[in-house]
Structure formats: C-alpha cells, structure tokens
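Enquirer: here you go, sequence then predicted model.
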Amino acid sequence: MSILSKDSPGKKALFMGNEAIARGAIEAGVQVCAAYPGNPSSEIIGSLSQVGEELGIYVEWSVNEKVALEVATAASFAGLRGLTAMKQNGLNVASDFLFNLNLTGSKGGLVVVVCDDPSALSSTNEEDSRLYAKMCDLPLLEPSTVQEAQKMTRFAFDLSEELGLPCLIRSVTRLSHARGNAELGHIPKNRPHPRFDTSRPIIPQPVMENHKALHDKIRKCQDRFEESAFNLYRGPESPELLVVTCGPGWMYVREALVNMGVENRVGIVKLGTTWPLPRYFLIEHLKKANRILFVEEVDPFLENNIKEFCAERAVELGVKTFLGKASGNLPDIGEINPDIVTGAIQQILEVAYEPRSLQYAQEAAEAASLFAPLRELGFCAGCPHRATYWSVKNALAMDGRDGIVLGDIGCYTLGVRAAGFGQMKTCHAMGSGVGLANGFGQLERFGLNQPVLTVCGDSTFYHAAIPALVNARYNRSNFLMLILDNSATAMTGFQPHPGTGRTAMGAEAPVVDIEALCKALGAQVEVKNPFDVQDTTEAICELLQDREGIKVLILRQECALVRVKRQKALYKVQVNQERCFGQECGCNRLCTRIFRCPGLVGDPVTGKAQIDEAICTGCGTCADICPQSAILKETI
Amino acid sequence: MALEKDPWNIIITGVGGQGNVLASQILGQMLVQQGYIITIGETYGASQRGGSVMSHIRVSQRDQFSPLIPEGKCDLVVGLEPVEALRVLANYGNPGVLMLINTRPIYPMDVIAGNVSYPELSVVLKKIQRLSRRVWTLNATEIGLELGDPIFSNIVMLGALSALDLLPLHREEFQNAIQELLPSHKLQLNMEAFDRGRKAVQELPL
Amino acid sequence: MENRGSQALESCVIQKDLCTFCGACLSLCPYLQSWKGKLVKLDNCDLAEGRCFAYCPRTQVDLETIHQEVFGQSYLNIEMGLFKQVKMVRASALSLRQKAQTAGVVSALMEFALKEGFIHGAVLTHRTPDHLPHGRVIRHPDEIFSCAGSSYVASPTLQVLNQGPWEDTERIGVVGTPCQVLAMRKMSVSSLKRTTLIDRVTLIIGLFCTWALTYEPFMKYLKNRVNGALIRKLDITPPPERLLKVITGDDHMWDVPLDEIRPFIRTTCGICLDMTSELSDLSVGTVEGIQGWSTVIIRSDLGEEIMSRAEAAGIVESQPLPEENFKHLREASLLKKKRALLTLKERGELEDGYISLSHELIGRILSEAKEAGS
C-alpha cells in the first residue's frame, strides 16, 4: 500500500513535493482529479491515479489542460471537491475557461495547481504563472517546503469553498520534484453526493455585476490572509536589510544567512499567500527596514506588487530602496539558487564570504571543463524517432526542394538537434506544428516551392492537433503530417492517453483511433513502421509529390523504454568487425558519426563500430542503414 | 548517529536512465525512517534523454534544508559515472569531499560520434583525487551486468555506500525501504545487488 | 595528383554544375545517391580523401597517365584517340536489328561476349517506362535487348557497377558514354581502390556522345510540350533535320526542334573533350547519312579480338567506312575538343581546370580543328 493512501495521521515520511500536494488534496476530501501530463506537475495526478481506486477518488488524464480544468470544475459545480494540476504552459491552455470561471465562481472546493519550470529545464519556454492570479483576481498560494505544500493544499480547498472561487497554488521544479519530510494528516471518510442545482445557472453574465462580486471576494480573501500562518517573519527587530521571499527562496535565504553569519543583520519576510497581498502583515514588517530585497522566480511579481503597495502607503512606510530584479541585484531570468541569493546579499551587505578557496574553485572548474565532456541530449537507444528523422532527412534530400519540417512538443522535439539530424525547424506550443503547416500550406499561391511537413506525437495529436486538421481540410491547405505514434506520452513519464487503451486508473479504455479520425477528416492516410527505413523514406518522398490536401503518414512503433520493460530486444545485433569499414571511404562512420545511437560505440582508432550491450535495445535499425551490411540482426 | 556536520550534504550524480532518482529516494527513505530530516533536490525531465542528472541530498537532525546544496558544500559524492563525479566538483566540491565512484563510463553522444574523446579514466580519477579527501572506486555496472541488468548498478552503489559507515545505512533499513518503494518480486535481486556492493567495498585495499 | 574528398567534389564539381551524372561516385558509400535523375547528397562526409573524388571524370584528369595505363602509349592522337581500325558494322540478323531498333551492334557484341564467356555480367543502361535511365546488370544474354536503344538523358549507369553485387571471379563488360569510360579508367589508376572490381572489367564498349540531357527539367518540358500525352518513344534525327521526334501513346508523332531542348543539355557537356570514347576497347556510334549501320572504332587488342570473332561467328557484318564519313568523324571529334577548350578558357579553367594537357597539345587542337563547312 502506498504511503499516499495510508490513513495514519502523525506518521512521518519522505514525500515528493507533488506527492505532498496530492496527499493534501486527499486529506481535504478531493473526489475528482484531472490533468494533462506536464513537467514538473505530472506526479500530482500521476500519484493520485495510483491510489484513486483504493480511496474512491476519480482520477483521469485528460487530453489537454482546458478539458482537465473543466472536468475538475464540473465536480465543483456539483458540490464535490476537484483538483487539476498543470505546468505553466497548461495554464495558458486552460486560461480561457479560468477567465470565465472567476466570474461565475465555483461551489465545492476547487484547486488549480500550476507548476512553473524556471530556467526551462524541461520546457520550451519560461513563464511566471503567478501573474494569472492578479489578472483573474484569484487567490494564490506559494508553498516553500514539502510539508507546507501539503498543508496549503488542504487549506486551499477550504478557502476555495469559503470564497466560492477556485484557488491557485503555484509550485516550481525545486519544490515539486524535491523530497522532504512531511507528516500525514487525516483522511476524511464522509464526502458529499454530487448535485447540480439546475435552478441556478452558472454563467458569467451579468459581467459587470459579477466582476464587482469577484473584487468583493478577493477583498474578503485579503482579510483571511492577514491571519495566515503561511506568512511569517524571522529575524531581528531592526534589520539592515529586509528580504521578502516566497517559494523555495525561503530556504535559500535562510541557508545563505547562516553560511555568511549575518542572521542578526537580515530579516526575512516569507510570504505564502502571494496574491492578494496581506496588507497589514506587510505594513508591520516593511516598516522594519529601508532596504528591501525581493527573492523570487521568475518575474518580479512580489517585487512589482509590493512596490505598488509601498507607493500607495508611502506616507506610512516612508521611502524605501528596492533591490531585486529591476535593480539588477538578482537575475531577471532563470531560476534562483542558494549561490545566487548568497551573492546578492553578500554584495548588498558587503560581506566577505568565501564558501571555499578560490584556488580550489578554479582548479575544479578547469578539471571539469577539460575532462568532463558535455552530454548532448539525444534519443534513447531504439527510439523510433531516430529512425523517423533518418527517413525524413533522406526523403527531403532526395526530394531536393528544401522541405520545411514544422515541429511540436514531445521527445521528438529533440529533432532540432543532431540527435534528429537537425530536421525539425520550428517548435512552439502544443499543436503549433500543424497550425503552422496550415499557413505554410497556403503559400504556394505566392510562389513558395518548398514542400511542407509537420511532425506530431500521438499524445500531442489528441491534445491540440485535431482542430488544426479540420482547418486544413476546410481551407484546403497542402501539407504532409507525420504522426509519430509511439503509444506513449513519453517525455513526461509514460502516462496513458486516448491511444493507449488504458485510463489513468488502470482500467481498460476504448482506443480513439488516430487513423480513423484522420480519414474521417478527409485526409489521405497511410500507416508505416518507422523501423522500415527504406519503406518509410520512399513513402515520404511519394507523399511529398502530391500537391493537394492533407496527407497523414502515421509512423507507428512503440517507445523503446516501454518496449524494453516488456521484452528485452527485437533482435540480437552485432557488428562484424571484418566487414565494418569504420572510418574508411565507403562508410566514414555513418552509424556512430551521423546516426548517433548510444548503443553504437566507435573505436577511436579504426572508427569501427561495436554494439554496447548495456545500452542497445535491439531495434535493428542500424543493421538496415549500414552501407556495408556489416551489422547483423538476428531475430530472438 | 550524530552527523559529522549538520547538514551533511550528498550528491548522487550520473547519466539519465541510470536510476539516480530511485537511488536518492531509497537513501532518503532509509534515513527518514531513522528520524533524520531529509531534503532531496532533483534535476530530471529532459535530462533523462542522455543528459547529466544530479540529486542533492541534505541530511540534518535539526532543520529542513533547501533542495539545492550551496557552492562548495558537498560532503560526499556518489558518482554513478566517473566524469559526472568530476563535473559536480566544479560547483560543489571542496578539499574535504568524499568520493564513491562507479568506474564504468557512459559515453556522451559526442564521444560516441567520434567528435570528442572521452578522457582516460586514470586521468579523471587522478583529478578527482586531487580535489577530494578520499576516493573509493568499484565497477558497479559490471556487477549489475552479472546480476542480469546494468540498471542494478545504482543499488550496488548504495550497498557500497552503506559499507563505508559514513551514515547509518544498514541492510535492514535498505530492505524496508525497498519493500516500501518497489514491488515485492524485485526484492531478492535488489538485496543481492546491495550485498554485492557492500562486498566490493569491503574487499578494497585499505 | 593529390587525393581529395567529397567536400572537394562538392565544391569543384557539383556546385559548379559540372557533374556528368555518370554514376562513378554513387553507391560507393551512403552519402551520395541518385534519385529520379538527380545526384543526391544524403549527409556530409568529412574524409580528406575519397574514391568519389578520385573516380570522378571531372576531377584531375591526367590524360597522359591514363593513356599510358590503358594503351601503354602517350596521348598523341588528338583527332579521335588511338585506334587500330575503323569500320562500318551492323548486327547480321535482321530480327536482331529490328529488336534493337538500331544497327544492333552493341547489343549483338554484348550478347556474344556473354554467350562466349568473355564476360559473366554486362552493365548496361535501361530506361523505365517514364524514360528515366539507370544502370542494370545483365547476366542472361536474352535480357540484353531490354537495354537496347539510345538514351539522350544522362544515366548514372556506373552506380550499378559499384553496387553489384559481384562474385570475386566474375568478369564484367560495360557499355558507357565517354565520361563513364574515363571514370572507369580513373578507377583503374586510383590508389584508393579497395577491391579488384575494376580489374575485372575486361570489356568496355564506349558510345559516341556529343551531349546529354538532364532528366527532370527535360521530361517536365517535354510532357508539357505534348500536352500531357504518354511518351512512348524518343528519337533524334541526324543532321540536317535536327529534330527530336516524339511518338506518343496515341501514335501521334511530334517534331520538336532540337533548339527547344538545348536548355536541358548538361552544362558539363560543354567542357567534354571526348566525342568518340577514346579510352574504350571499342567505340560505337552512328554513321552520318547511312541508316542501319554503325561506325565502330577498334582500339585495343581485346576489342580487335572480340570484333573478329564476332564477325567470324556471323554475329556481325562489316564494311569499310566511306572516306568522307571517316574524314567528317575526325573533324567533328577534333572540333568538340576545340569547343571544350574554348569553353574552359572562358570559365577560366583552362590552366587549373579538371583536365591537364600539355600546351603543345592544346595548341595543336586549337589550330587544327576546323569548323563545320570550312
């Protein structure tokens, strides 16, 4: 039995931040949970899906974040508690609904967790979702520790019900994926029955009245936040410097002060309720110092809002010196860490602090740069995307018209790099590849001679590609769409989706057939196995000749990581060292230099290839591309 | 067991797919069970596709520390891969750091492609030796392969770590953690991997 | 001669539009391929030295060295290369001539060579129903005629020579254009050759050639020209008519003036010095003004042997070539050389270009060549 579902109040355990949020929701009596996978948020609904059945909670992977929010909201409208979680981009997708939901309000507790990815460690962009709270006039909570994440989630449901508004919780990678000690609370037994009151329509109109009502609710929330234990002050009564922080910044600042020995010089205002701002709490503590340093990621959200606040209260608070992103004391991009914070405070207070000798630091940095080669991201051994891009590369070379490959989000986004032979040329939001293809596919009338292709994963297809395909059919755009169907939402952790035949909770699910869907949309559809490189290349070449309408080529092959869990390998693969040309004319290391599968290692002297058994997953593609037929594949 | 210093900071580092995250989770679980306050900071996601992976583990008896170790404050590096072990020293190393290293390299794509050469292992270890207090090495991947899957190398390393007696990481706690975290049919092989790791360290010359 | 690699091939030949599409560089490696009548580069090869550069008929052609290697003599016969005899020849059997739709000489000789065991495999040029030419390996004498007839479009025939697959003991015969013959002779003298393959090419029949067309633009134009009708047969009539006769599926005959298709002549043909395949064992071409017969230039010992045995076996019959024709042949061949040298000069490539000839030879060619009619 998972720790997540244990009904043992007081038990201490190590939780991931996301798991703590999930646990908090469980302890708040959540009944409906929906999400689309997105790093760093996936484990919230992911972990709930593991215990949903046991605890009598409905958990689903929705096709996109807007639908997920709507699913959770339906529960709320019916008087149940609902939860949705997403990464920063997901909130963009869900925002249209959110901007109506704030006006209609919610009923049962509804919590929207957004997990930002500062520094875009696993994202296409960097974004600060907190601004949505201000735009939508919704309460926002930011946990600083794993335990706090759990407590805040519980509280968020109560707050949401009290106000009749969804409550936003904002986490970041360093909290969501961190593990820390947390104590289990109580799992409630009684839960309400759903009922939607049809005598009271839930609509944003009349908008002006509801907008005003929204502002009243937010003011009420502000009062509630004054008492919140999530906001606190630590430090001397008259610090030289006041640091205002939230999220993991709280822990970075505390540790920085201890390491530098300046705890008696610096006070920390930790805010857990970051919108709306708790006015009186702030006034009380902002009075303590004239220099205020804001430590937060990514945008100067607290910084700007508190500056605004200080301007309003200038008479009471006096003149302040604001330090943070605007002043250049902290970077205005990327995530923060203990060293960035230390550096900022060190500079402001003019503290002499050296965590280690400069000489050691230089020596270590030099050794690492000289002897630790960088690791380029690439496709796993046996990944069907490598084979797909190989075919795309060859087909486009053969076609000779400088074809454009528009891309989308997933593991295959690595197609922009050497791993995918640099084939992918654009990448934006979910479904943008097909969207752009629609546009490019209309430019022939102006003289565009370049064929248009777009690559799209199976999960991405269900998320966002369908409306664009309808558009393409209706407006007669001309392009070739490659659907890379590896039966997985791989990049985020192999969550099931409408093509995999399983639900989040493990039940059998009808498969929404991509091929049938595309055919019904009037596309010309073909299905191939990307491991048949020759066949796939020729198919792409041929389809590119067609100048009319949408062509869909579904390249179906299981993700290597999924396949390997079930069966070790499709083939036993070996390189015949006599036949291998290595770096000689006739090969020049095609497989190790260009194909670049981590399962193939090149001898640094002869350039000959060898299979690395520890890594090879036996897909056999290298055997098919070897120009000297030196790689042999044996069916197992 | 009282800590040499509080917090005591460990970095488990390796290449995406080596089981770095699981290893840190097991380690954390073993210590939490014994009353320690643990914070683990992970960097994963896209880095799983062949990139470097790092887990920062803060072990304390007094407070919950941040998921990122400050510059120069690492006390122990468990390197699942040799150059990754060297790489983390650039930011987190100091003359007193201890190093436990798996010597089997995982070649970065650029090395496999023949664009860059992978450094000589002896050179890497020598550099690490200069930048640390003490170094223990073993070929954990080979042991993993003997047990049937190179993925066991991370568990072998945990076994090795337990034999160093730097923290209370006994067989019993490991077994509890494994039973808590993994399906039951995986228990036996994992215990074997753990024991082999312990043995490998015990057989190292003093 | 300095060995260089594929990047030099790209910059010196491909990007300068000098590729003859002979196929010598194709299927040696995974980087250069042919597709629908085009040379395709699939990936970059960064080797400093490569067979592609070494075998290419448009890189570093030292005629003196090659001539010595092939014939054991200096390159002196600037008119139409070294030869033992020149005759007028045709396939003896009428049925054979009808099948081949020409004098049938090349087909007859190749069939004979296969039957008699001179060669085990023949590398010939085949055309798809869509007139795309490509190489084909024929091991059965009966299949020879699938490759009969002229292609006016450049064919990467040597690709299939490279590809094989060949047994270690097989002897090979190749029918090629002058640039293809040159490429094969370069293969023989190259220090980079890996196998005995080229040494087992024991019979080379070269064709006369004045120029070749590039497939895609030519076919696109032609299809449009015949209003999309199915193109069954192409035939270029000899001077003075100078027409491309196109027979379409509805049995309609179209007369397309040659000037209309000149834009599709490969640029590289303008710098070719070889009209009569001077480096082959036997060269075969038309006879001006005489239908149904071919001019055959016998150059090597083997060429002579095959010719005499074929004649003795009654496979082919010959006559002396009329003096007038022989004169015109020499003049035309020399004129092509002169025009090529002048084109090279215009391009600034006479000195450091692909072909190295002594000043003396260049001078003789330029002074001795006569324009048609003079």
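Expert: Alright, I've got the coordinates. Numbers count the residues shown, from 1 in each chain, chains lettered A, B, ... in the order given.
Enquirer: and the residue of the stretch 1-150 of chain A that's closest to chain B?
Expert: As assessed by Cβ to the nearest Cβ, chain B sits closest to A:Ser122 within the stretch 1-150 of chain A, at 2.9 Å. All C-beta spots, glycine's among them, are computed from the backbone N, C-alpha and C.
Enquirer: and that residue, how many neighbours does it have?
Expert: The local packing of A:Ser122 (other Cβ atoms under 10 Å in any protein chain shown) involves 20 other residues.
Enquirer: swap in C:Leu132?
Expert: Count around C:Leu132 with other Cβ under 10 Å applied: 17.
Enquirer: distance of it relative to C:Lys370?
Expert: According to Cβ to Cβ, to the nearest Å, C:Leu132 and C:Lys370 sit 38 Å apart.
Enquirer: circling back to that earlier point, the residue of the stretch 1-150 of chain A closest to chain B sits in which helix or strand?
Expert: A:Ser122 is part of no helix or strand, with elements assigned from DSSP states H and E.
Enquirer: and the lowest mean pLDDT element among the helices and strands of chain B?
Expert: helix B:109-112 (a mean of 81; mean pLDDT, DSSP states H and E).
Enquirer: any stretches of the chain with poor pLDDT?
Expert: Defaulting to chain A. A:1 (pLDDT under 70).
Enquirer: think we crossed wires, I meant chain B
Expert: Residue ranges of chain B with pLDDT under 70: B:44-49.
Enquirer: centroid residue for it?
Expert: For chain B, the residue nearest the mean C-alpha position is B:Val78 (3.0 Å; Cα atoms, centre = their mean).
Enquirer: which element is the nearest residue to it once chain neighbours are set aside on?
Expert: Ranked by Cβ to Cβ, 6 or more residues apart in numbering or on different chains and with sequence neighbours excluded, the top spatial neighbour of B:Val78 is B:Ile12, at 4.5 Å. Using DSSP H and E, B:Ile12 sits in strand B:8-15.
Enquirer: so in that sheet, which strands flank that strand, and in what orientation?
Expert: The strands that strand B:8-15 pairs with in its sheet are strand B:52-60 (antiparallel), strand B:76-79 (parallel) (by DSSP bridges).
Enquirer: beyond it, next helix or strand please.
Expert: Moving toward the C-terminus from strand B:8-15, the next element (DSSP H and E) is helix B:20-32.
Enquirer: and that following helix, what does it pack against?
Expert: strand A:12-16, strand A:179-183, strand B:8-15, strand B:37-43, strand B:52-60, helix B:153-163, helix B:171-181 (3 or more Cβ pairs under 8 Å, 6 or more residues apart in numbering or on different chains; DSSP states H and E).
Enquirer: list the contacts of A:Arg234.
Expert: A:Arg234 is in contact with A:254, A:267-268, A:270, counting by Cβ atoms under 8 Å, 6 or more residues apart in numbering or on different chains.
Enquirer: rewinding a little: redo the helices and strands packed on helix B:20-32 as CSV? Include distance to C:Ser300 and mean neighbour count.
Expert: Formatted as CSV, the helices and strands packed on helix B:20-32 follow (distance: least, Cβ to Cβ, whole Å; neighbours: other Cβ atoms under 10 Å in any protein chain shown):
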stretch, distance to C:Ser300, mean neighbour count
strand A:12-16, 81, 23
strand A:179-183, 82, 24
strand B:8-15, 63, 25
strand B:37-43, 72, 24
strand B:52-60, 65, 25
helix B:153-163, 67, 28
helix B:171-181, 80, 17
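Enquirer: can you give me the end-to-end distance of stretch C:38-46?
Expert: 22 Å (Cα to Cα, to the nearest Å).
Enquirer: stretch A:405-420 and chain C, are they touching?
Expert: No: Stretch A:405-420 does not reach chain C (Cβ under 8 Å from any Cβ of the partner chain); its nearest approach is 11.5 Å.
Enquirer: check the offset of that stretch from the chain's centre.
Expert: Relative to the centre of its chain, stretch A:405-420 is centred 17 Å away, using Cα atoms, centre = their mean, to the nearest Å.
Enquirer: one more: stretch A:384-392?
Expert: In terms of Cα atoms, centre = their mean, the centre of stretch A:384-392 is found 25 Å from the chain centre.
Enquirer: what do you get for stretch B:178-197?
Expert: Counting by Cα atoms, centre = their mean, stretch B:178-197 comes out at 17 Å from the chain centroid.
Enquirer: and it, end to end?
Expert: 15 Å.
Enquirer: what's that stretch in contact with?
Expert: Contacts of stretch B:178-197 (Cβ under 8 Å, 6+ apart): A:3, B:22, B:25-26, B:29, B:138, B:140, B:143-144, B:146-148, B:152, B:155-163, B:171, B:174-175.
Enquirer: quick one: least confident helix or strand in chain C?
Expert: Result, chain C / mean pLDDT, DSSP H and E: helix C:94-100, a mean of 82.
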